[in-house]
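A.B. asks: what follows is a predicted protein model with its sequence.
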Amino acid sequence: ANLCVCACFKINGVSALHSDILKRDVFHDAYARTPDKFTNVTNGIDHRRWLSECNPELDALIRDCCGKDKYLLQPDALKELEQYRDDAGVLSRLGQIKADNKKAFAAWVARESGVILNTDALFDVQVKRLHEYKRQLLNVLHIIYLYQRMKADPHFDFTPRTYLFGAKAAPGYAVAKRIIRLINSVADMIARDPACKDRLQVVFLENYRVSLAEKLMPASELSEQISTAGKEASGTRNMKFMMNGAVTIGTLDGANVEMHQVLGDENIFLFGLKAHEVAEMKQKGYKSYEYYVHNPELRAVIDQLNVGFGDGVAYDDIARRLLFGDGGPADEYLLLADFESYRDAHQRAGLAYQDPKRWNQMALMNIARSGIFAACLLYTSDAAGTSGTCRCAPSSKFAPAAAGGPWGRPLFLPFVQSFSSLPRWVFSSSTLDCGGAFCRIATASSIFDKARPKPGRALTFNRAEHKIFNTVFIPSMDEVTAPCPYI
């Protein structure tokens, strides 16, 4: 990594917090010597794929409110939705779209697995790689807390929830596999208990994958982004949930920081320690056992792990890991420290969900302010060393003439030796459709332009024309309707 920092023209993190950590901690010496090398390019997503294609009803609403498909070319146009924040008709339609998507997803789950989801409950979703720092275990501890409260007090009032998990563990990651088994043990216990009917449900979605995500994102209502502050580089699922109208419950970690900046406290449910507070707590000596001793509700949850959940499997190893470390640091990712704050955030979310108007307003604001995460707007001059920003065009209108590569971002290819070494779909021996764009190739020694073809006509590149370095393929204007290829 240090060698790469020396050799590279630019070094960027993938979120504001991540970039700050690189400068302040990981590569601080290099940053002190060459601060101009360091920048930030937050990860991005494609609204065409993750909204327009997988959520057609929402796409239709946005087109009606924001000037047809304008937002596909200029994602910032989504901000026009904000003017409908108090429009009862738009809010009602938005709520109905979410209800329709929930029913469609529930029908798919029933066909695939035979599980019947309660679509009247809040769909609370956490789908991502299973890792301890992502804290699926914190989510499970809270579910156990809710179950215990229900059993202790039949009149315990809380918003009915359907918890949906999706995750895969690395083959050698034994703890992650144990957490997956724990989720399923808790799910089975709750499914067998009549007291939980129509109030609490937990489902682990098998074989989580992109095609499943495309069905799940439009149906999700509460997005769990609860990693330990300072551990998540960025995340993109949080953005996909956001653009589909899910409200986030999360820590100030990764791209959640930028989400909070544009949404404000009123449109996101924040909880937990901040990154600097995590570092300070660990430096002082974090003692998870003290939280166990002083919080009786948390103590009951941890004790339940030792006993098990009625399927003959005990999770005393996980309890020991949280309290004593079991060979490593105790509660390395500070689940117990954040538990009470997390519980309180869920209470706030539950109360908000009971007010449909307020919840739909929050969903609308999340959609309206998701444009900043459009991938084609995020790869700007700081990353590519060029001027100009690529603005997307609908992928259905434009395709490479020769090989059908993807579209949407500027192309940045460091140290390319010649056109012949580029991917075939970028520069083919025949043509590349620029859809009317004025195309520019920037080399180490010169910039040369290709004449603008008529709209829809192909632009021919001769592979032998130049040897190029630090290549970027971009439109020469900020406002264009042509795509930019990306890898």
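C.D. replies: Cool, the structure landed. These figures come from a predicted structure and were not determined experimentally.

A.B. asks: let me know how buried Gln136 is, in neighbour terms.
C.D. replies: Counted with other CB atoms under 10 Å, the burial measure for Gln136 works out to 24 neighbours. Bear in mind the C-beta positions are built from the backbone N, C-alpha and C, glycine included.

A.B. asks: contact partners for it?
C.D. replies: The contact partners of Gln136, taken as CB atoms under 8 Å, 6 or more residues apart in numbering, are 126, 130, 165, 167, 179, 183.

A.B. asks: the third one contacts Val127, doesn't it?
C.D. replies: Think Phe165. Yes - counting by CB atoms under 8 Å, Phe165 sits close enough to Val127 to count as a contact (7.0 Å).

A.B. asks: more neighbours: these two, which one.
C.D. replies: More crowded of Phe165 and Val127, by other CB under 10 Å: Phe165, with 26 against 21.

A.B. asks: quick one: the more buried one from Phe269, how far?
C.D. replies: Relative to Phe269, Phe165 is positioned 19 Å away (criterion: CB to CB, to the nearest Å).

A.B. asks: swap in Lys231?
C.D. replies: Taking CB to CB as the measure, Lys231 falls 19 Å from Phe269.

A.B. asks: again with Phe309
C.D. replies: Per CB to CB, Phe309 is found 27 Å from Phe269.

A.B. asks: overlap in contacts, Phe165 and Val127.
C.D. replies: Leu205.

A.B. asks: all helices of the stretch 1-150 of the chain, in order?
C.D. replies: 2-7, 16-21, 28-33, 47, 56-66, 70-73, 88-113, 136-152 (DSSP state H, counting those that start in this stretch).

A.B. asks: determine which stretch of these is the most buried.
C.D. replies: Ranked by average neighbour count under the criterion mean count of other CB atoms under 10 Å, the helices of the stretch 1-150 of the chain are headed by helix 47 at a mean of 28.

A.B. asks: which other helices and strands contact that helix?
C.D. replies: Using 3 or more CB pairs under 8 Å, 6 or more residues apart in numbering; DSSP states H and E as the contact criterion, no helix or strand is in contact with helix 47.

A.B. asks: what does it rub up against?
C.D. replies: Residues outside helix 47 that contact it (CB under 8 Å, 6+ apart) are 71-72, 75, 78, 243, 370-371, 374, 392.

A.B. asks: contacts only, for Glu277.
C.D. replies: Shown here is Glu277, whose contacts under the criterion CB under 8 Å, 6+ apart are Ala229.

A.B. asks: where's it relative to Lys134, distance?
C.D. replies: When CB to CB is applied, the distance between Glu277 and Lys134 equals 19 Å.

A.B. asks: need the nearest residue in space to the residue nearest the centre of the chain, chain neighbours excluded.
C.D. replies: A centroid search over the chain (CA atoms, centre = their mean) returns Arg237, at 2.0 Å, as the residue closest to the centre. Spatially, and ignoring its direct neighbours in sequence, Arg237 is nearest to Lys128 (5.9 Å; CB to CB, 6 or more residues apart in numbering).

A.B. asks: and that neighbour, how far from Glu206?
C.D. replies: Shown here: Lys128 relative to Glu206, a distance of 15 Å by CB to CB.

A.B. asks: neighbour count for these two, which is higher?
C.D. replies: For Lys128 against Glu206, the residue with the higher neighbour count under other CB under 10 Å is Lys128, and the figures read 21 against 12.

A.B. asks: would you list the phi and psi of that one?
C.D. replies: Taking degrees, to the nearest 10, you get phi -180, psi 170 for the backbone angles of Lys128.

A.B. asks: isn't Val186 right up against Gln201?
C.D. replies: No - the pair Val186 / Gln201 is not scored as a contact, 10.9 Å apart, by CB under 8 Å.

A.B. asks: what pLDDT does Ser234 get?
C.D. replies: On pLDDT, Ser234 comes in at 73.

A.B. asks: and for Arg457?
C.D. replies: 38.

A.B. asks: and stretch 178-198, how far out from the chain's middle?
C.D. replies: 26 Å (CA atoms, centre = their mean, to the nearest Å).

A.B. asks: so Leu270 versus Ser15, what's the distance?
C.D. replies: Distance of Leu270 to Ser15, computed by CB to CB: 16 Å.

A.B. asks: I'd say Arg348 and Ile268 touch.
C.D. replies: No - contact status for Arg348 versus Ile268: not in contact, 10.5 Å apart, counting by CB under 8 Å.

A.B. asks: quick one: which of these two has more around it?
C.D. replies: Higher neighbour count among Arg348 and Ile268: Ile268, with 24 against 13, using other CB under 10 Å.

A.B. asks: low pLDDT regions in this structure?
C.D. replies: The model of the chain has pLDDT under 70 over residues 376-487.

A.B. asks: all strands of it, in order?
C.D. replies: Using DSSP state E, the strands assigned to the chain run over residues 11-13, 38-40, 122-127, 161-166, 200-204, 222-225, 247-250, 269-270, 411-413, 432-433, 439-442, 447-449, 458-459, 471-475.

A.B. asks: residues of the fifth one that come out buried?
C.D. replies: So the one you mean is strand 200-204. Applying a neighbour-count criterion of 16 or more other CB atoms under 10 Å, one finds 200-204 buried in strand 200-204.

A.B. asks: which strands or helices does it pack on?
C.D. replies: Secondary-structure packing of strand 200-204 (3+ CB pairs under 8 Å, 6+ apart): helix 136-152, strand 161-166, helix 174-192.

A.B. asks: JSON lines for the helices of the stretch 1-150 of the chain, including distance to Asn360?
C.D. replies: Shown next, in JSON lines, are the helices of the stretch 1-150 of the chain (distance: least, CB to CB, whole Å):
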{"stretch": "helix 2-7", "distance to Asn360": "46"}
{"stretch": "helix 16-21", "distance to Asn360": "29"}
{"stretch": "helix 28-33", "distance to Asn360": "44"}
{"stretch": "helix 47", "distance to Asn360": "20"}
{"stretch": "helix 56-66", "distance to Asn360": "12"}
{"stretch": "helix 70-73", "distance to Asn360": "19"}
{"stretch": "helix 88-113", "distance to Asn360": "4"}
{"stretch": "helix 136-152", "distance to Asn360": "25"}
